[in-house]
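Asks: Just to be clear, the model below is a prediction. Sequence and coordinates:
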Amino acid sequence: MQKKLILFQSKRQNKQRNNFQQTHSSLDQVKNRLKQRRKQILSIKMCFQLYNEKVYLIQGFVSEMIDIQKRKA
């Protein structure tokens with residue numbers, strides 16, 4: 001009886017340990033996915049920032065050209 005109880009307890013402990021390890025590894029996977037997602041978001045933000053700067057430069061160039069045309073007329 002005592003051996004069966006010890007065997008049962010060790011099986012239960014192994015099961016708990018395995019569950020903990022699986023949970024821990026899945027948490028690591030979630031953390032890694034979050035890191036990748038943050039990197040993607042940062043790169044998208046940088047693309048938008050560069051795009052906005054280009055639009056700003058083009059708007060400035062167009063307004064300068066309009067001013068030059070007005071001066072000539």
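Replies: Thanks, I have the structure now. These figures come from a predicted structure and were not determined experimentally.

Asks: contacting residues around stretch 42-49?
Replies: For stretch 42-49, contacts defined as Cβ atoms under 8 Å, 6 or more residues apart in numbering pick out no residues. Quick note: C-beta positions are derived from backbone N, CA and C, even for glycine.

Asks: Distance-wise, check L34 relative to Q21.
Replies: For L34, the distance to Q21 equals 20 Å [Cβ to Cβ, to the nearest Å].

Asks: Correction: the previous question concerned R37.
Replies: Taking Cβ to Cβ, one finds R37 at 25 Å from Q21.

Asks: Could you do V55 as well?
Replies: Taken as Cβ to Cβ, the span from V55 to Q21 is 51 Å.

Asks: now the helix or strand where S43 lies, how far from the chain's geometric center?
Replies: Following DSSP states H and E, one finds S43 within helix 2-72. Averaging C-alpha positions (Cα atoms, centre = their mean, to the nearest Å) puts helix 2-72 0 Å from its chain's average.

Asks: Report the mean confidence score over it.
Replies: Average pLDDT, helix 2-72: 88.

Asks: center of this structure - which residue?
Replies: Closest to where the C-alpha atoms of the chain average out (Cα atoms, centre = their mean) is R37, at 1.8 Å.

Asks: and that one, how far is that from S43?
Replies: In terms of Cβ to Cβ, R37 sits 11 Å off from S43.

Asks: How about Q59?
Replies: Q59 is 25 Å from S43, by Cβ to Cβ.

Asks: And R33, by the same measure?
Replies: 16 Å.

Asks: Ok, F61 next?
Replies: With Cβ to Cβ as the criterion, F61 and S43 are 27 Å apart.

Asks: can you count the residues close to Q22?
Replies: 10 (other Cβ atoms under 10 Å).
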